[in-house]
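Asks: no sequence on this one, just coordinates:
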């Protein structure tokens, strides 16, 4: 270790991550990484028709004609950093990607595009090496979110902000960086850190680009570190480091290091059953519960949705079906999610299309207001309560304290595969044979001599779309 990498919290983390090998990973952790990889590839496929994606690809490819890495949505190649950006944005564009509920981060939309781009940049990366890199990046991501536990409450978008550091860890693993260069990769990613929830408040398409920025920044950081560029080794605990500058001292540093490499927060990841902000998912379940009880939209005179304070800040705005950016507005609106679920008895990708959002039968969502729940922790994600006043004068109240897709109420393997296939059909009109081939490759990734097979098989699904 040189003087530029003096002992620090970052050094402790980098040393542990650089030493991790595939054989150190428990079987269930590897299994989870495979399932979430399959889920994320499906979500990327579903993004082919998502608002903003064609515009983003046009903007990025105007300056490039070719490169080493694949733009998954159209099969063209570009600079690996550009591919990481585009594919990261695609993975988040439907808001259908995984989440660590307590850490409030979406992991795979950043880490998987980073790893895929790094694989194509380096070439000849085995499936086991890819799985190890994914595990390193996702594990660090979960821990960063737990350490910076109220980042979202301060106005940061933790997926974008903390994702850059996590992406750098994953790319460093693919590039086989030693501990010191891994430290500098993490630090250089911190230097590029960005991310704001203002794009949520304003309903902007920038929301989906944020994870792409994180993937690009992390990949570039690892590439620069590989070539000897150095970063601030006290990027976490320094006076102008992450903890003080961004988190204002509101951190739990021990979450980063306790059990790192032996205790796995990956096991706590949630898979999304609905393509919208996770803060609305319990509200959707409550709407489905009320529908089963026979409550109809025309029965409702007024409604209140009670959430934890941070959830309410994110998804508690009044529903406005004339919003200039209806898709992002609806994805982050608890009242709309409730209304759509009550009317349709389901919430899927079609729920978040402009025509559906502006339809007359969900306009009653404007009758709802939101409130902070006094009996819910301000940063808690799962709990929600709905209070209705019916036109008959009757009051109805329902509440839930758990959330579908979380470790205590997980999606089954069959549900995961069904979601993957539904997304791939929606965005790419993918055929069953092509999807089956990609499923088999993902689930046997540890036996694949070259992890790039995932990219070629994904492109095979895209060719099916071109022929459709």
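Replies: Right, received. Where do you want to start? These numbers come from a predicted model, not from an experiment.
Asks: how near is the residue most central in space within the chain to residue 161?
Replies: Averaging the C-alpha coordinates of the chain gives a centre point, and the residue nearest to it by Cα atoms, centre = their mean is residue 106 (2.7 Å). With distances taken as Cβ to Cβ, to the nearest Å, residue 106 is found 12 Å from residue 161. Placement of C-beta: from N, CA and C, glycine included.
Asks: what about the closest residue to the residue nearest to the centre of the chain other than its chain neighbours, how many residues close to it?
Replies: What sits nearest to residue 106 in space, not counting adjacent residues and going by Cβ to Cβ, 6 or more residues apart in numbering, is residue 159, at 4.5 Å. Number of residues near residue 159 (other Cβ atoms under 10 Å) recorded here: 29.
Asks: Domain ranges for the chain, per the record?
Replies: For the chain, whose domains are defined here by automatic domain parsing, the residue ranges read 3-268, 278-400.
Asks: Could you identify which of these is most buried?
Replies: Compared across the domains of the chain, domain 3-268 shows the largest average neighbour count, a mean of 22 (mean count of other Cβ atoms under 10 Å).
Asks: hang on, the earlier thing: assumed the residue nearest to residue 106 was part of a helix.
Replies: Yes - with DSSP: H, G, I helix; E, B strand; the rest coil as the criterion, residue 159 is assigned to a helix.
Asks: That one contacts residue 111, correct?
Replies: No - no contact is recorded between residue 159 and residue 111 when judged using Cβ atoms under 8 Å, the distance being 10.6 Å.
Asks: Stretch 170-180: how far from the chain's middle?
Replies: Centre-to-centre, stretch 170-180 and its host chain are 23 Å apart (Cα atoms, centre = their mean, to the nearest Å).
Asks: Let me know the average pLDDT across stretch 451-459.
Replies: For stretch 451-459, the mean per-residue pLDDT is 97.
Asks: Strands along the stretch 201-350 of the chain, start to end?
Replies: 300-307 (DSSP state E, counting those that start in this stretch).
Asks: Low-confidence bits of the chain, can you list those?
Replies: Screening the chain residue by residue with the criterion pLDDT under 70, one finds the ranges 1-6, 463-468.
Asks: one step back: ok, which of the domains of the chain comes nearest residue 437?
Replies: Relative to residue 437, the nearest member of the domains of the chain by Cβ to Cβ is domain 3-268, separated by 12.1 Å.
Asks: Could you check how far the residue nearest to the centre of the chain is from residue 442?
Replies: For residue 106, the distance to residue 442 (Cβ to Cβ) stands at 19 Å.
Asks: what does stretch 390-406 contact?
Replies: Among residues not part of stretch 390-406, those counted as contacts by Cβ atoms under 8 Å, 6 or more residues apart in numbering are 101, 270-273, 278, 281-282, 285-286, 289-290, 295, 298-301, 381-389, 408-409, 411.
Asks: swap the cut-off to 7 Å and go again
Replies: Residues from elsewhere that reach stretch 390-406 (Cβ atoms under 7 Å, 6 or more residues apart in numbering): 101, 270-273, 281-282, 285-286, 289-290, 295, 299-301, 381-389, 408-409, 411.
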